[in-house]
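Trainee: here's a sequence, model it:
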Amino acid sequence: MEMATWHNWARTEHASPQQFDTPGSTPELAAVIVRAAEQDRRVKAVGAGHSFTGVAVTDGTLVSLDRMTGIEAVSPTDTGALVSVRAGTRLHELSEELWSLGLALPNLGDIDVQSVAGAISTGTHGTGTNFTGLSAQVRALTTVLADGSIVECSPEHNPDLFEVSRLGIGAFGILSNVTFECVSAFRLRAHETPSSLSETLDSLDDRLRADHFEFYWFPHTDGVLTKTNTRLPGATPVDPVGRIRGFVDDEILSNGVFNAFQHLGTRAPSLIPRLNSVSARALSERTYTDRSHRVFASNRRVRFKEMEYAIPVEALPAVLEDIATWLSRTELRIGFPIEVRFAAADDVWLSTAHRRATAYVAVHQFHRGEHREYFSAVEAIARSVGGRPHWGKLHSLTAAELSEAYPRFDDVLAVRDRVDPQRMFDNACLRRVLGA
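Mentor: Here you go, the predicted structure:
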């Protein structure tokens, strides 16, 4: 099937593939890849298109996994279950299916529209100093390689391919099935409250003892919104945000008014500091309890561009101070809050949290605004403390620079040379971050 033009969600990338395929099974996926090879076309897979980078861009064959969805198998364990799920399943759909089985993913990001394959392949994570990103929750997977072979991987079987496939930015094959280690269903009690940046950083050690903590800092002000989530048993009664309060906070303030502020700030940048001050005060304190996935994720309808860097936790105060200093010295005005989250160290070869406890600093710019100067300045600050860029978000680093940030980078390249020597899954984005 021909496809005119594909765009990602942020409209930062587009592609005009010669062929668009939607296989419904692993054998059909393998046949698509073999056929593309016979026609001398490169192949890329796409899920929800929520990556800000060109990781899915191709002028060859673009493969959608939208017909490969749903849970395939559940194997109970002492703490939950191993759950095998088709790789095109959206995270929000998976969470609902898991809940019906009395299960949940241990942690989630604050956006859940991504496909399973896209989320783990780009390093999607949530927040919580005792919890890892989604890739580290993967216990097995099935991938289809450049020659059409279907390979099952785990730490015990094809371990090197397993490591690069559970976070591989689409460079090694196309995932068809992923097995997660899930836990018993749980609820979260969420407490959101305004604070100041200075107070939040002064009390950071105490705040990080919570199960899940994050905060949003409004640039050009000292205002922040903190979010603390506490894990509760799955049978705990829910006490969700009321319909009216939720509509006002989440629909009107977080999306409607915020969107209007972004348009206004784009036309009149000098107003942005005052608009940020209003935003920092507008969302009042609230506490509610609901299913874990309903608390983790939120609706984001304001379109934006994003860069996120993973830095050592101990470097966070200095990094935020440097960003504030840079903003005070420039005429640039930023209307989007800076998001700060946390994660435990893991052992995934290309994980941004590889072998170190991590703080994530995410900066955004309204989709109509110019982002390059701002992102470049923050990137330099984050790199000065050994920062690693999120694989699915905007950054400027190349393979030479990334090789210094990842101890297993050479091992990653060796697996790529072995399983895709002809670079069937290559594109400009991968040539920049992994090399030729």
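
Trainee: contacts, neighbours, all on C-alpha from now
Mentor: Will do.

Trainee: and the helix or strand harbouring Arg231, what does it pack against?
Mentor: Using DSSP states H and E, Arg231 maps to strand 223-233. Under the contact criterion of 3 or more Cα pairs under 8 Å, 6 or more residues apart in numbering; DSSP states H and E, strand 223-233 touches strand 186-196, strand 212-217, helix 272-282.

Trainee: and that strand with strand 186-196, angle?
Mentor: Calculated by axes from the mean of the first three to the mean of the last three Cα atoms, to 10 degrees, strand 223-233 forms an angle of 160 degrees with strand 186-196.

Trainee: residues in contact with strand 223-233?
Mentor: 185-197, 210-218, 277, 280-281, 283, 292 (Cα atoms under 8 Å, 6 or more residues apart in numbering).

Trainee: narrow these to just the buried residues.
Mentor: 185-197, 210-218, 277, 280, 283, 292 (16 or more other Cα atoms under 10 Å).

Trainee: about what we covered before: of all the helices and strands packed on strand 223-233, which one is nearest Tyr309?
Mentor: Nearest to Tyr309 among the helices and strands packed on strand 223-233 is strand 212-217 (14.8 Å), distances taken as Cα to Cα.

Trainee: hmm, who's touching the closest one?
Mentor: 127-129, 197, 207, 223-230, 337-342.

Trainee: pull up the pairing partners for that strand, direction included.
Mentor: strand 223-233 (antiparallel), strand 338-343 (antiparallel) (DSSP bridges).

Trainee: just the element for Asp205, please.
Mentor: Using DSSP H and E, Asp205 falls in helix 204-207.

Trainee: which helices and strands sit right next to that helix?
Mentor: By 3+ Cα pairs under 8 Å, 6+ apart, helix 204-207 packs against no helix or strand.

Trainee: do that again at 10 Å, thanks
Mentor: Helices and strands touching helix 204-207, by 3 or more Cα pairs under 10 Å, 6 or more residues apart in numbering; DSSP states H and E, are helix 197-202, strand 212-217, strand 223-233.

Trainee: got these as JSON lines, with mean pLDDT and distance to Gln137 columns?
Mentor: As requested, the helices and strands packed on helix 204-207 are arranged in JSON lines below (pLDDT from 0 to 100; distance: least, Cα to Cα, whole Å):
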{"stretch": "helix 197-202", "mean pLDDT": "96", "distance to Gln137": "29"}
{"stretch": "strand 212-217", "mean pLDDT": "96", "distance to Gln137": "17"}
{"stretch": "strand 223-233", "mean pLDDT": "95", "distance to Gln137": "18"}
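
Trainee: include distance to Ile71 when you put these into TSV, please.
Mentor: Formatted as TSV, those follow (distance: least, Cα to Cα, whole Å):
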stretch	distance to Ile71
helix 197-202	41
strand 212-217	27
strand 223-233	23
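
Trainee: so which of the ones you listed comes closest to Val32?
Mentor: strand 212-217 (41.5 Å).

Trainee: coming back round to it: buried set for the helix holding Asp205?
Mentor: In helix 204-207, counting by 16+ other Cα under 10 Å, buried: Arg207.

Trainee: returning to that earlier point: out of the helices and strands packed on helix 204-207, which gets nearest to Gly133?
Mentor: strand 212-217 (12.7 Å).

Trainee: for Leu327, give me phi and psi.
Mentor: The phi and psi values for Leu327, taken as degrees, to the nearest 10, are phi -60, psi -30.

Trainee: so it is in contact with Arg333, correct?
Mentor: Yes. Between Leu327 and Arg333 there is a contact under Cα atoms under 10 Å: 7.5 Å.

Trainee: quick check: domain ranges of this protein?
Mentor: Split into domains by automatic domain parsing, the chain comes to 6-64, 71-185, 186-389.

Trainee: dump these into a markdown table; add distance to Arg432 as well.
Mentor: A markdown table is the format used below for these (distance: least, Cα to Cα, whole Å):
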| stretch | distance to Arg432 |
| --- | --- |
| domain 6-64 | 11 |
| domain 71-185 | 12 |
| domain 186-389 | 13 |
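
Trainee: next helix or strand past the helix or strand where Thr142 lies?
Mentor: Taking DSSP H and E as the definition, Thr142 sits inside strand 138-144. Per DSSP H and E, strand 138-144 leads on to strand 150-153 as the next helix or strand towards the C-terminus.

Trainee: for that following strand, packing partners?
Mentor: Using 3+ Cα pairs under 10 Å, 6+ apart, strand 150-153 sits against helix 26-38, strand 138-144, helix 159-165, strand 174-184.

Trainee: for the closest residue to Thr69 other than its chain neighbours, give its distance to Ser277.
Mentor: Excluding the flanking residues, the one nearest Thr69 by Cα to Cα, 6 or more residues apart in numbering is Thr89, at 4.3 Å. Look at Thr89 and Ser277: by Cα to Cα, to the nearest Å, they are 39 Å apart.
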